[in-house]
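S.K.: Curious how this folds, go ahead:
(2 chains, ligands or ions: 1)
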Amino acid sequence: MLFEDILITLLKAVDGERTISSPYHLLKGKKSGQTLQDIGYYKLHPYFGILPKLEKDVYDRAVQGLFKKGLIVTDGEVVRMTEKASAVKLAPTLLNGWKFRGNEQLFMARLSLLVQTLSHIHQNSRVFDPVVIAEDTQQWVKNYLKKINYRDSASCKNIKEGIVQSLNAVEVDESNKMIVLQRLSGLKIGGLTWEQIAREESRSIIDIQVQAVETLHGWMEVIEKGDFPLLRSLLDGVIQHSALTETARRTEGYFKNGRTLEEIAALRGLKTSTIEDHFVELAMNDPGFDILGFMEASLYAKIIAVSRTQNTKRLRDIKENVPEASYFQIRLALATKGEIQ
Amino acid sequence: MNLEKTLYDAYGFTSFRPGQKEVIEKILSGEDVIALLPTGMGKSMCYQLPAQLLEGSVLIVSPLLSLMQDQVAQLKKMGEKSVTAINSFLDAQERSAVLNNLGSYRFIFISPEMLVQPYIKSKLRDIRISLLVADEAHCISQWGFDFRPDYLRISEILPVLGHPRVLALTATATAKVTEEIKRYLKISEPFIYSHPMDRKNIAYDCKKFSNGHEKLEWLRQFVKTNSGPGIIYAGTRNKSQQISELLNQAGIRAAYYHGGMEHQDRIFVQQQFQNGELEWVCSTNAFGMGVHIPDIRHVIHFQIPTSIEGYVQEVGRAGRDGSPALATLLYSAGDEEMLESLVLDDLPTRNEISEIFRSEDGGGQLVSQGIVRQTSFRIVSYWKTRLTEQQTIRQIEQQKVEKIKQSAKIKKLITIDSCFREYLLDCFDEQLDSKPADCCINDGLDYSKFLSGRKTIAAATKTVTWQNRLDAILPC
Ligand SMILES: [Zn+2]
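M.R.: Numbering: from 1, shown residues only, chains lettered A, B, ... in the order given. The predicted structure is shown next:
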């Protein structure tokens, strides 16, 4: 997927309801209530936090590109897609930012150091400058190497075979797999910088980076689901089993122990609005979330109905039609996506 | 005691490099030492070996984070396991784990700002430090080209540690700087080892152009007809990228390197250069530290460097293998104006000084608001605790005068018609003993020794598919 396609996807989803900077926060993985809410409402999970280091000027330039191509126009504070943009066909993506939470970097760091070490050891070179400096990753790889009996050429072959088979199963273009391989290094073979890869491929750096992340997400998914025990270990602690943010998880703990929203806010020394954000996050992630503890079934039905008939997820529009609901109730109702009967 | 045997047993080397043994002997006999050793001359062995023989730990104060990381990596590479580094990269948990076992480490690296934190100080008091190493000791001097006020605070820790012996290490220092090192580290009669700075295998060249375009054109021709490996010091990040682009367009394997790149990319450029996959690295002065390549044949300064010390240090990365290497300084009319602003740009302005003095809570938010620059903030905050606003202004004025003097010294390189080598040594109060046959542009150069013609690097690692590349990396 190209960076521009991601922007179009994100802007299409929030068409006319958000400002031009909302996709930026989402791509950076900003954990604000607004961003988290958007992810749930608009099903933008794949793109959350895929580019934590995205620079504002790179983003702005890409957005300017969309304006120039006549794909988006401003409408007051919000942006709208043009007809031309609606016609753009978008391919499905392997990106899964919500699941991997930027941890593809950790997976890649482990893999880089592992491959570099095997490359040197199995070509009789014992001393080299490690490509990863982070101590915890170095320690992790050391322990891993000990476990797999790494001096044995069979284990090197097995790992290599695992890489070939699992990467083969990833449904992205071969050139994208090459990007990931170019970020690996070994004896007498240096890794390539983003700029070098981009120059070779005549593409932009940001596109190369997006494609690397997408390939890694697809690859990690294959490794997780498939039968690759040696590579599977590289995912230890990489995949979070709960999609909740840490702070929302703590709120959930109190809630399950019978505390009310106000009590949790007081106990945690946080604003009630913050705790409300957590509840919205819980409602979004937990299909069994008991929304009827927060509003009558009739109110819930009314909110969902208005959202559907008016085709809007804007809180203000819904509030106008359901004045008896609080903003918090509207947000909760929308977070469940109307799936609760 | 047989030092050679210890050296062999501990590290597998059969002999010392020049200077190492003298320095180590003095340390072991309990003296304080200032060692002026060029980079790449095995500075770290001067404390590594004593650590094998002295009881307790060696504390190494290192002012640059990147340098510290590299030193730790190098020690580990030599098989040394008992190493730790206390710096801002450690999170609270890691830090307390390290601090609770502090005495068990043979080598403790620490940054100056960590050194003076009360809790860390108290932990250091409880263990035995047999040797304190001040690395890059020239940073302690406000006359030095790399002044870091934090570094002055080393003197605060000495009584806490019970005045261990001190080893001050630096690559380059003038007599004035050496005096300040003595004063701040409270070492009155140190043994001073000064490695002859003169590197006979390096020849000094200088090319002058009437404009920047001619300079670029000359560079393009030069790299087309000469092989690396070489470093082109470009002055700014932007320029390093431009020059790298120019070389790549000419079909030359080059990459840029500067502090604005992500860490992984910087490691990749170092790898490629080390592997011989790159001929040229176009860099700001960030490149060099942690690069251990003996056969660099060319160091080209695309712009006048900002100090003589910096210039000598950068040039000194060439020809570590002892074979002929050429240092080429490029100049085009008007370059010196940029130099002036570049040099003075680093210093806090009057406005920054008064903003920091006026702020009541330390002024940290001034940086995030963009009113005060990070470096200015560091420098002024230091002086704020010691001087009045007026005194600080005077202090900075003094530094300004000094910097202008320094840049006048470096600018003189462009205009002198006498020997480069003699002039450079004179800046460090050293005498020239003899000139090599190929000395400098003003003594005449036989280029044939340095200009080797062009060997093209085979594009052996260029692979077509990802499977090919994996096979090349893991041929198992
Ligand atoms: Zn000369």
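
S.K.: Check the spacing between the residue nearest the centre of chain A and residue A:210 real quick.
M.R.: Central residue of chain A (C-alpha atoms, centre = their mean): residue A:97, 1.3 Å from the mean position. Residue A:97 sits 11 Å away from residue A:210, going by C-beta to C-beta, to the nearest Å. Quick note: C-beta positions are derived from backbone N, CA and C, even for glycine.

S.K.: residues shared between the contacts of the two?
M.R.: Common neighbours of residue A:97 and residue A:210, using C-beta atoms under 8 Å, 6 or more residues apart in numbering or on different chains, are residue A:50.

S.K.: Just list the residues touching residue B:56, thanks.
M.R.: B:103, B:127-130.

S.K.: Return the members of those residues classed as buried.
M.R.: For those, a neighbour count by 16 or more other C-beta atoms under 10 Å in any protein chain shown gives the buried set as B:127, B:129-130.

S.K.: Show me these that map onto helices.
M.R.: If you go by DSSP state H, those have nothing in helices.

S.K.: Of those residues, which is the nearest to the ion?
M.R.: residue B:130 (44.3 Å; C-beta to the ion).

S.K.: Go ahead and confirm the closest one touches residue B:53.
M.R.: No: if you go by C-beta atoms under 8 Å, residue B:130 and residue B:53 don't touch, sitting 9.3 Å apart.

S.K.: now residue A:300: how far from residue A:114?
M.R.: 51 Å.

S.K.: nearest residue to residue A:147 other than its sequence neighbours?
M.R.: Closest residue in space to residue A:147, ignoring its immediate chain neighbours: residue A:233 at 7.9 Å, by C-beta to C-beta, 6 or more residues apart in numbering or on different chains.

S.K.: how much space is there between that neighbour and the ion?
M.R.: Relative to the ion, residue A:233 is positioned 61 Å away (C-beta to the ion, to the nearest Å).

S.K.: What is the neighbour count of that residue?
M.R.: The tally of other residues near residue A:233 (other C-beta atoms under 10 Å in any protein chain shown) stands at 14.

S.K.: What of residue B:400?
M.R.: Neighbours of residue B:400 (other C-beta under 10 Å): 13.

S.K.: what's near enough to touch it?
M.R.: B:344, B:347 are the contacts of residue B:400 under C-beta under 8 Å, 6+ apart.

S.K.: is the helix or strand harbouring it up against the ion anywhere?
M.R.: Counting by DSSP states H and E, the element that carries residue B:400 is helix B:389-415. No: residues of helix B:389-415 contacting the ion under C-beta under 5 Å from the ion: none, with a closest distance of 12.0 Å.

S.K.: Mind giving me the packing neighbours of the following helix or strand past that helix?
M.R.: Following helix B:389-415 in sequence order, the next helix or strand is helix B:420-427 (DSSP H and E). For helix B:420-427, the packing partners by 3 or more C-beta pairs under 8 Å, 6 or more residues apart in numbering or on different chains; DSSP states H and E come out as strand B:202-209, helix B:308-315, helix B:389-415.

S.K.: What angle do helix B:420-427 and the second one make with each other?
M.R.: Here helix B:308-315 runs at an angle of 130 degrees relative to helix B:420-427 (axes from the mean of the first three to the mean of the last three C-alpha atoms, to 10 degrees).

S.K.: how far is helix B:308-315 from where the chain is centred?
M.R.: 9 Å (C-alpha atoms, centre = their mean, to the nearest Å).

S.K.: Residues in contact with it: which ones?
M.R.: B:38-39, B:138, B:144-146, B:171-174, B:197, B:202, B:204, B:231, B:233, B:285, B:288, B:299, B:301, B:305, B:327, B:329, B:406, B:409-410, B:413, B:424, B:427-428.

S.K.: re earlier: got the angle for the helix holding residue B:400 vs strand B:202-209?
M.R.: Using the same axes, to 10 degrees: helix B:389-415 against strand B:202-209 is 90 degrees.

S.K.: Where does residue A:109 sit, in terms of helix or strand?
M.R.: Using DSSP H and E, residue A:109 sits within helix A:104-121.

S.K.: does any part of that helix sit near chain B?
M.R.: Yes: on the criterion C-beta under 8 Å from any C-beta of the partner chain, helix A:104-121 is in touch with chain B at A:115, A:118-119.

S.K.: in the stretch 201-350 of chain B, which spans are helices?
M.R.: Under the criterion DSSP state H, counting those that start in this stretch, the stretch 201-350 of chain B contains helices at B:212-225, B:237-249, B:263-275, B:308-315, B:335-345, B:350-358.

S.K.: Name the residues that touch the first one?
M.R.: Yep, that's helix B:212-225 we're talking about. Outside of helix B:212-225, the residues that reach it under the criterion C-beta under 8 Å, 6+ apart are B:207, B:209, B:232, B:243, B:246-247, B:250, B:252, B:254, B:279-280, B:300, B:302, B:330-332, B:451, B:453-454.
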